[in-house]
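# quick one: sequence plus predicted model below, questions after.
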Amino acid sequence: MQLTINNKIYTDNSQEVDESKIFVISKQNEKFVESAKQNGCKEFVEAKDLKNHLDMSSIKVIGITGTNGKTTTAAAIYSILLDLGYKVALQGTRGFFINDEKMEDYTLTTPVQLGNFAHIKKAMDKACEYFVMEVSSHAIEQKRIEGLEFELKIHTNITRDHLDYHKSIEEYINVKNSFLSDETKKLINKDDPVVKFNPKNGYSYGMENPSTYNVSAYSFKNGMNVMFSKIEDMYSFSSPMMGIFNIYNLLAAVAAVDIVSEKNLEEICEVVDNFAGVSGRMETISEEPFVIVDFAHTPDGMKEVLQSFNHKDIIVVFGAGGDRDQEKRPLMGQVASNFAKTIIVTSDNPRFEDPDLIIEDICKGIKNKDNLIIEINRKEAIRKAIDLGKENPNSVVLILGKGDEPYQIIYDKKFPLVDKEEVLKHI
Ligand SMILES: CC(=O)N[C@H]1[C@@H](OP(=O)(O)OP(=O)(O)OC[C@H]2O[C@@H](n3ccc(=O)[nH]c3=O)[C@H](O)[C@@H]2O)O[C@H](CO)[C@@H](O)[C@@H]1O[C@H](C)C(=O)N[C@@H](C)C(=O)N[C@H](CCC(=O)O)C(=O)O
Ligand SMILES: Nc1ncnc2c1ncn2[C@@H]1O[C@H](COP(=O)(O)OP(=O)(O)OP(=O)(O)O)[C@@H](O)[C@H]1O
Ligand SMILES: N[C@H](CCC[C@H](N)C(=O)O)C(=O)O
Ligand SMILES: [Mg+2]
């Protein structure tokens, strides 16, 4: 990774340095400082001090953290700001975008320090006024965002994920909360029971608890219509999106744009409808049979999605990623059995784990096995679900866990597999 500022080249890789380059020291690469010196490097910069080398006063950085909803909320903010006529960059799980153009594909949700600064520089070179970024818990813990000054920090929710990495839910919650402990402006989901934040410069949104931006009524008809208050005034927006959790994501996006831009709330609410959602997140692939692809890959994410279709006969297809949190697996099975009529357990990205054993872990949470189908081949599992969906007009087929991921990871190899394309083959 390299960044050029005023003809000076900054790198975070000791193997790329020479006399003319500057080595950027981070938590990840401090062990390579000696090797950088041996390669002739004379100038060193701490990653957190990069802000003194790059003038970022022309761009406002908006950071979004939380277990679920980061990608969706970030994309909604990006879409609204673009529609309001601003120049904007977006960085997250699905890649890096500037003014509606894809600059880089899927990599990390939050890049390493130098990557963040390099993207911000690119965005400024293209005259962007806003830089919207997802902030993962890994990035907070590994200090990948150190040195960035945020105009606004947004919190979506904190439930369980990544316990393979963070070891305990307490540690995970603490890491997430640490992002919200300074005096930067922040926007908090007031309905999250575990979030802790510095109340200075705090705004909030929610539905159940009093908040700055508060939902007063909503309905789901041809998408959703939402009414909310800001202090005394009432506003409303509509959207083609579904699911109560998307009310939260959209409200957070509307509130964020209200906080960081000069536009008034009426103007902001008007363009919400243009945002159709993110591909692979609650994406309707077919109406008859009714088939949805979604990225839910945690017990809470699954519960949110399944709950939204309580009035239907749910046929759910899912697995769980290998080399990731194992304890979430039976909990995911349990959520499926609480809501679904038919459960098809399959493979997600097994990585270096045995997919049969991952499936076994999931099935431990499924008490009633009458309507359980185990199909290790994901393509075949999707086909079976669609066949069942065709037989029952009151059904919905929910294919969860991989969203728009373009491949299945087996060992360290990536095999092309797109859930949406598999669905389209059979309808
Ligand atoms: C567990 C984890 O997060 N590992 C990250 C960590 O890896 P690492 O410490 O092994 O990296 P490394 O290869 O030793 O290199 C570290 C640094 O040393 C430098 N280096 C390396 C070799 C050398 O000779 N000289 C040298 O200077 C490298 O340029 C680099 O800057 O640092 C690397 C870059 O510094 C990351 O790419 C890597 O992420 C791995 C690939 C990863 O998969 N991370 C996932 C778990 C992750 O971060 N996911 C989150 C959240 C996902 C979500 O919820 O959506 C994300 O933000 O994407
Ligand atoms: N606000 C929310 N609350 C709970 N669940 C949500 C919320 N928003 C989205 N979800 C569920 O989580 C899934 C992932 O959503 P999204 O990609 O927006 O989250 P993310 O935080 O970026 O996830 P990741 O960290 O894996 O990239 C969605 O497909 C949906 O099932
Ligand atoms: N981006 C997240 C979610 C991936 C979800 C699932 N498809 C998996 O592989 O576990 C992660 O890296 O944990
Ligand atoms: Mg994401």
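Here it is on my side, so go on. Numbers count the residues shown, from 1 in each chain. Ligands and ions are numbered 1, 2, ... in the order given.
# every contact and neighbour count from this point should use C-alpha atoms.
Fine.
# what is the least confident helix or strand in this protein?
Least confident helix or strand, the chain: helix 163-166 with a mean of 72, by mean pLDDT, DSSP states H and E.
# how about the secondary structure of M234?
strand (DSSP: H, G, I helix; E, B strand; the rest coil).
# do I have it right that it meets V215?
No - with contact defined as Cα atoms under 8 Å, M234 and V215 do not form a contacting pair (9.5 Å).
# now do the residue of the stretch 1-150 of the chain found nearest ligand 3, the pLDDT please.
Relative to ligand 3, the nearest point of the stretch 1-150 of the chain is T93 (6.8 Å; Cα to the nearest ligand atom). pLDDT, T93: 93.
# which strands and helices lie in contact with the following helix or strand past the least confident helix or strand of the chain?
As assigned by DSSP states H and E, the chain's next helix or strand after helix 163-166 is helix 169-178. Applying 3 or more Cα pairs under 8 Å, 6 or more residues apart in numbering; DSSP states H and E, one finds that helix 169-178 contacts helix 137-141, helix 163-166.
# what number of residues lie near the closest residue to the residue of the stretch 1-150 of the chain closest to ligand 3 other than its chain neighbours?
Leaving aside its chain neighbours, T93 sits nearest to T109 (4.0 Å; criterion: Cα to Cα, 6 or more residues apart in numbering). Number of residues near T109 (other Cα atoms under 10 Å) recorded here: 21.
# now T109: how far from ligand 4?
Distance, T109 to ligand 4, by Cα to the ion, to the nearest Å: 6 Å.
# same question for M56.
On the measure of Cα to the ion, M56 and ligand 4 end up 24 Å apart.
# is that residue in a helix, a strand, or coil?
Per three-state DSSP, M56 ends up coil.
# which elements pack onto the longest helix seen in the chain?
Counting by DSSP state H, the longest helix found in the chain is helix 244-260. Secondary-structure packing of helix 244-260 (3+ Cα pairs under 8 Å, 6+ apart): helix 70-83, strand 152-155, strand 186-189, strand 202-206, helix 265-272.
# with ligand 4 in mind, check whether that helix reaches it.
No - counting by Cα under 5 Å from the ion, no contacts exist between helix 244-260 and ligand 4, the nearest distance being 12.6 Å.
# for the remainder of this discussion, apply numbering that starts at 13.
Sounds good: first residue 13 from here, last item helix 256-272.
# what residues does that helix touch?
Helix 256-272 has contacts (Cα atoms under 8 Å, 6 or more residues apart in numbering) with 81, 84-86, 88-89, 92-93, 163-164, 166, 168, 199, 201, 217-218, 225, 238, 275-277, 280-281, 284, 316, 320.
# can you check stretch 81-101 too?
76, 102, 104-106, 108-111, 135, 139-147, 168-169, 261-262, 264-266, 268-269, 279-280, 283-284, 286-287, 289-290, 293.
# what of stretch 160-176?
Contacts for stretch 160-176 (Cα under 8 Å, 6+ apart): 60, 63, 72-82, 181, 184-185, 188, 192, 196-201, 204, 206-207, 260-261, 264, 268, 272, 310-312, 335-338, 340.
# could you list which of these also contact ligand 2?
78-82, 260-261 (Cα under 6 Å from any ligand atom).
# for ChimeraX, what selects the buried ones among these?
The following ChimeraX line selects those of these that are buried, judged by 16 or more other Cα atoms under 10 Å:
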select :78,79,80,81,82,260,261
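# out of the ones next to ligand 2 among the contacts of stretch 160-176, which one sits closest to P211?
G78 (17.6 Å; Cα to Cα).
# contacts only, for that closest one.
Per Cα under 8 Å, 6+ apart, neighbours of G78: 148-149, 167-170, 188.
# out of the contacts of stretch 160-176, which are buried?
60, 72-82, 184-185, 188, 192, 196-201, 204, 207, 260-261, 264, 268, 272, 310-312, 336-338, 340.
# what bits of the stretch 13-162 of the chain have low per-residue confidence?
Within the stretch 13-162 of the chain, not a single segment meets pLDDT under 70.
# which residues in it form strands?
14-17, 20-23, 34-37, 55-58, 72-77, 100-104, 107-110, 113-116, 142-146 (DSSP state E, counting those that start in this stretch).
# still on that earlier bit, residues that sit against both of M246 and V227, list them.
239-240.
# spell out which residues of this structure are next to ligand 3.
Near ligand 3, when you scan the chain using Cα under 6 Å from any ligand atom, you find 309, 332-333, 360-361, 413-414.
# max pairwise distance over the residues you listed: which two?
Farthest pair in these, by Cα to Cα: H309 and N361, 11.1 Å.
# list the residues that contact both of those two?
In contact with both H309 and N361: A332, using Cα under 8 Å, 6+ apart.
# out of the residues of the chain next to ligand 3, which sit inside strands?
Among the residues of the chain next to ligand 3, no member is found in strands (DSSP state E).
# what about D312, helix or strand, and which?
Applying DSSP H and E as the criterion places D312 in helix 311-319.
# and that helix, anywhere near ligand 4?
No - Helix 311-319 stays clear of ligand 4 (Cα under 5 Å from the ion), getting no nearer than 12.4 Å.
# give me the mean pLDDT for that helix.
94.
# also stretch 388-407?
Averaging pLDDT along stretch 388-407 gives 98.
# what does it contact?
With Cα under 8 Å, 6+ apart as the test, stretch 388-407 has contacts from 300-303, 324-329, 356-360, 367-368, 371, 387, 408-409, 411, 429, 431, 434-435, 438-439.
# CA atoms only: put it into CSV for me.
Output of stretch 388-407 as CSV, limited to C-alpha atoms (Å, rounded to 0.1, in the frame of the first residue of the first chain):
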residue,chain,number,x,y,z
ILE,A,388,-24.2,-29.4,1.8
ASN,A,389,-24.0,-28.2,-1.8
ARG,A,390,-25.2,-24.6,-1.7
LYS,A,391,-26.3,-24.5,-5.4
GLU,A,392,-28.4,-27.6,-4.9
ALA,A,393,-29.8,-26.2,-1.6
ILE,A,394,-31.0,-23.1,-3.4
ARG,A,395,-32.6,-25.2,-6.1
LYS,A,396,-34.5,-27.3,-3.6
ALA,A,397,-35.7,-24.3,-1.8
ILE,A,398,-37.1,-22.7,-5.0
ASP,A,399,-38.8,-26.0,-5.9
LEU,A,400,-40.6,-25.9,-2.5
GLY,A,401,-41.3,-22.2,-3.0
LYS,A,402,-43.0,-22.9,-6.3
GLU,A,403,-45.4,-25.4,-4.6
ASN,A,404,-46.6,-22.9,-2.0
PRO,A,405,-47.9,-19.5,-3.0
ASN,A,406,-47.9,-18.3,0.6
SER,A,407,-44.2,-19.0,1.0
